[in-house]
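Student: here's a sequence, model it:
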Amino acid sequence: MTKYIKNEIVEIIDADEYDVPENVTQMEMIIYDWVAHKYGISEAENPSWNISDLAKYIEDLQALQQSTGAEYAQSNTVKYKL
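Tutor: Numbering: from 1, shown residues only. Next comes the predicted model:
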């Protein structure tokens, strides 16, 4: 089950510049906070990838695994450019 958290506004936000959802999933908040702490708030505010989509993907995968007992099957080789 997806857990939602009220998105607390603790700073002044220019409504013309930001989309501030009222509620976010716990997973999305965890990922957002991790990105902000690890790479800076500007990366969290404007990532080259979608934090909401990643959170939903992880939540859906976890729900599927819990309901079916399936194990995750790798589909790509993990590799990083030097």
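Student: which parts of this structure are helices?
Tutor: With DSSP state H, the ranges of helices along the chain come out as 26-39, 41-45, 51-68.
Student: what's the offset of the shortest one from the middle of its chain?
Tutor: Spelled out, that is helix 41-45. From the chain centre to the centre of helix 41-45 is a distance of 12 Å (C-alpha atoms, centre = their mean, to the nearest Å).
Student: likewise the first one?
Tutor: How far helix 26-39 lies from its chain's middle: 7 Å, per C-alpha atoms, centre = their mean.
Student: tell me who's in contact with the residue nearest to Glu22 when sequence neighbours are not counted.
Tutor: Nearest in space to Glu22, with sequence neighbours left out and distances taken as C-beta to C-beta, 6 or more residues apart in numbering, is Asn7 at 6.0 Å. Every residue, glycine included, has its C-beta placed from N, CA and C. The contact partners of Asn7, by C-beta atoms under 8 Å, 6 or more residues apart in numbering, come to Val20, Pro21, Glu22, Asn23, Val24, Met29.
Student: redo the helices of the chain as JSON lines? Include mean neighbour count.
Tutor: Formatted as JSON lines, these follow (neighbours: other C-beta atoms under 10 Å):
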{"stretch": "helix 26-39", "mean neighbour count": "15"}
{"stretch": "helix 41-45", "mean neighbour count": "12"}
{"stretch": "helix 51-68", "mean neighbour count": "13"}
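Student: can you lay out the ones you listed as JSON lines showing distance to Thr77?
Tutor: Listed next are the helices of the chain as JSON lines, based on distance: least, C-beta to C-beta, whole Å:
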{"stretch": "helix 26-39", "distance to Thr77": "23"}
{"stretch": "helix 41-45", "distance to Thr77": "25"}
{"stretch": "helix 51-68", "distance to Thr77": "19"}
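Student: which one of these lies nearest to Asn76?
Tutor: Shortest separation from Asn76 across the helices of the chain is recorded for helix 51-68, at 13.8 Å, computed as C-beta to C-beta.
Student: from Ser42, how far out is Met29?
Tutor: Using C-beta to C-beta, to the nearest Å, Met29 is found at 18 Å from Ser42.
Student: name the residue closest to the centre of the protein, please.
Tutor: Nearest to the mean C-alpha position of the chain, counting by C-alpha atoms, centre = their mean, stands Glu28 at 3.3 Å.
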